[in-house]
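Trainee: take this sequence and fold it.
(one chain, ligands or ions: 1)
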Amino acid sequence: MESSSSICHVVAVPYPGRGHVNPMMNLCKLLCSKTLSILITFVVTEEWLGFIASDKKPLNIRFRTVPNVIPSELVRANDFPAFIAAVLTKMEAPFEELLARLEVELPVTAIIADTYLPWTIQVGQRRNIPVASLWTMSASVLSIFHHFNLLVENHHYPADLPEQGNELVDYIPGLAPTRLADLPTIFYGNGRLVLNRALDCVSSMPKAQYLLFTSVYELESRVIDSFNEKLPFPVYAIGPSVPYLDLKDHSATTTSTSLNGHDYLQWLDLQPKGSVLYVSMGSFLSISAAQMDEIVAGVQDSGVRYLWVSRGESSRFKDGCGDQGLVIPWCDQLRVLCHSSVGGFWTHCGWNSTLEAAYAGVPMLTFPIFWDQIPNSKQIVEGWKIGWRVKKNMVGEGEQLVTREEIAELVRKFMDLESNEQTEMRNRAAKLGEICQIAIAKGGSSDISVDAFIKDISERLAR
Ligand SMILES: O=c1ccn([C@@H]2O[C@H](COP(=O)(O)OP(=O)(O)O[C@H]3O[C@H](CO)[C@@H](O)[C@H](O)[C@H]3O)[C@@H](O)[C@H]2O)c(=O)[nH]1
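Mentor: Residues are numbered from 1 along each chain as shown. A predicted model of the protein is given here:
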């Protein structure tokens with residue numbers, strides 16, 4: 001039996017959003033897979049507990065909640081600035097009260113908190129607990145935010161996008177030259193409503209004691225190196241922070257694979273190798289109804305098989321899908337991407353989805369919607385060369401519909417297993433999958449980083 005003083009007690013606080021809760025939980029599971037001497041208290045709102053309480057997790061991860069002091073997840077997209085404002089101002093007090101109670105049970109060794117929750121750093125300072133800031137977007141995007149002053153100095157903020165969109169941003173440390181139009185949407189249009197909030201979060205990060213990336217070192221080495229050189233504390237890339245540990249355990253599937261009488265994994269088993277396009281637009285929809293209609297019709301007209309994760313849009317599949325496709329409300333995404341029948345991924349380019357596709361070695365059709373998804377799309381298409389853009393026009397030029405004819409042709413070509421271009425792209429995607437496997441294997445970059453992080457925080461116990 002371990003004495004309680006040798007147990008590392010980590011409090012994990014994700015930002016309340018699917019794209020943040022998931023990678024935080026994946027990291028926590030990874031920490032538990034490395035050491036038994038750890039207890040993780042995973043803090044979410046009561047509403048979020050309802051979403052994740054039944055997910056499988058190791059016994060040494062437990063949930064604790066703060067009250068629902070922020071707008072419901074179900075309506076957060078309706079007024080995003082108000083949601084962010086609430087997250088930044090309403091959660092700190094209940095979190096600190098909870099922390100005080102937790103400390104009575106077992107002293108807290110470290111807090112791992114989403115970088116978008118900067119108040120956790122102040123709480124950590126007040127209570128003398130080190131804070132590891134977890135950045136769930138790409139390291140490149142953090143570098144862009146972190147060097148915002150350079151955008152201003154180079155007259156790229158504020159910018160006239162239709163006029164300046166093709167100008168190159170080539171002065172951000174570690175970042176490959178990037179067109180202004182490929183920067184996060186937060187720098188223009190409605191995005192600017194939350195820009196100052198995001199910049200405040202990023203400028204608090206250097207006051208943390210560690211910076212953790214969900215990314216893979218080899219995928220963004222230059223930019224991660226640049227943070228390592230600049231920050232006075234350890235920077236660890238622990239990714240890909242995707243649920244690969246769950247893949248080994250078939251009972252760990254977070255949602256039933258049997259939906260509406262269809263078992264989607266069984267359905268995938270019946271499809272030819274590499275033939276299925278997996279379609280998911282993320283949890284935060286803001287595509288116009290007219291564009292959605294074109295996408296649905298285009299994919300259906302392409303004749304390509306598809307597995308479609310759809311919450312709001314199911315009614316658009318008016319005539320059903322026949323044998324060609326399956327529409328489901330939610331799936332175990334990494335398991336789907338790793339299925340041999342899946343040959344392509346239509347994605348909104350959330351960073352978790354991007355990392356999952358990289359891990360699975362699946363090429364992508366990119367349809368970014370906002371924030372970091374635009375530079376992620378650029379990374380996929382131009383950096384790694386494992387995808388094609390659906391929209392050719394620049395964001396900010398006004399919404400120009402991509403028609404069903406264009407989409408049908410694109411999807412058909414993208415899923416053509418015979419073409420040389422596609423074979424080369426699939427090979428490059430498979431190579432990315434190998435890089436991820438090497439990173440998480442014993443002695444790989446992610447493995448070493450996770451061990452080093454555990455060692456760092458455990459040393460505090462000995463003091
Ligand atoms: O049927 C589904 C659909 C999604 N997912 C999971 O949901 C998560 C989605 O994350 P992500 O792809 O990053 O998308 P968002 O939820 O849109 O993520 C938000 O957070 C990300 C990380 O900060 C940002 O990169 C995005 O722009 C932002 O919208 C991933 O873990 C997926 O595996 C499932 O498990 N099943």
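
Trainee: report the central residue of this protein.
Mentor: Among the residues of the chain, the one closest to the centroid is Asn352, at 2.8 Å (CA atoms, centre = their mean).

Trainee: what's the burial count for the one residue in the stretch 101-250 of the chain that gets nearest to the ligand?
Mentor: Per CB to the nearest ligand atom, Thr136 is where the stretch 101-250 of the chain lies closest to the ligand, at 3.8 Å. C-betas here are computed from N, CA, C, even on glycine. The local packing of Thr136 (other CB atoms under 10 Å) involves 29 other residues.

Trainee: with adjacent residues omitted, what lies nearest to Pro23?
Mentor: Take Pro23 and drop its neighbours on the chain: the residue closest to it by CB to CB, 6 or more residues apart in numbering is Ser241, 4.1 Å away.

Trainee: for that neighbour, grab phi and psi.
Mentor: Main-chain dihedrals, Ser241, degrees, to the nearest 10: phi -80, psi 70.

Trainee: just give me the neighbour total for the closest residue to the ligand within the stretch 1-150 of the chain.
Mentor: Going by CB to the nearest ligand atom, the ligand is nearest to Gly19 of the stretch 1-150 of the chain, at 2.1 Å. By other CB under 10 Å, the residues close to Gly19 number 20.

Trainee: for Asp249, same thing?
Mentor: 9.

Trainee: distance-wise, check the residue nearest to it when sequence neighbours are not counted relative to Ala439.
Mentor: The spatial neighbour of Asp249 that comes closest, neighbours along the chain excluded (CB to CB, 6+ apart), is Lys56 at 7.5 Å. According to CB to CB, to the nearest Å, Lys56 and Ala439 sit 24 Å apart.

Trainee: looks to me like the residue of the stretch 1-150 of the chain closest to the ligand is in a strand.
Mentor: No - using DSSP: H, G, I helix; E, B strand; the rest coil, the assignment for Gly19 is helix, not a strand.

Trainee: tell me the buried residues in stretch 450-463?
Mentor: Val450, Phe453, Ile454, Asp456, Ile457, Ser458 (16 or more other CB atoms under 10 Å).

Trainee: correction: stretch 121-132
Mentor: Using 16+ other CB under 10 Å as the burial criterion, the residues of stretch 121-132 that qualify are Ile121, Val123, Gly124, Ile129, Pro130, Val131, Ala132.

Trainee: cool, stretch 327-346 as well?
Mentor: Within stretch 327-346, the residues that qualify as buried are 327-328, 331-339, 341-346, counting by 16+ other CB under 10 Å.

Trainee: what residues are up against Thr120?
Mentor: Val13, Glu92, Phe95, Ile111, Ala113, Asp114, Val131 (CB atoms under 8 Å, 6 or more residues apart in numbering).

Trainee: actually Leu268, not the one I typed
Mentor: Val276, Leu307, Val336, His339, Ser341, Val342.

Trainee: in strands, which of those residues fall?
Mentor: Val276, Leu307, Val342 (DSSP state E).

Trainee: export those residues to a markdown table and tack on distance to the ligand and pLDDT?
Mentor: Formatted as a markdown table, the ones in strands among the contacts of Leu268 follow (distance: CB to the nearest ligand atom, whole Å; pLDDT from 0 to 100):
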| residue | distance to the ligand | pLDDT |
| --- | --- | --- |
| Val276 | 14 | 98 |
| Leu307 | 10 | 97 |
| Val342 | 13 | 98 |
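
Trainee: nearest to Ser33, of those residues?
Mentor: Using CB to CB, Val342 is the member of the ones in strands among the contacts of Leu268 that sits closest to Ser33, with 26.0 Å.

Trainee: before we move on, the earlier item: pick the one among the contacts of Thr120 closest to Leu36.
Mentor: The closest of these to Leu36 turns out to be Ile111 (CB to CB; 20.9 Å).

Trainee: count of residues packed around that closest one?
Mentor: The burial count assigned to Ile111 is 27, neighbours taken as other CB under 10 Å.

Trainee: ok, longest helix in the chain?
Mentor: Longest helix in the chain by number of residues (criterion: DSSP state H): helix 420-440.
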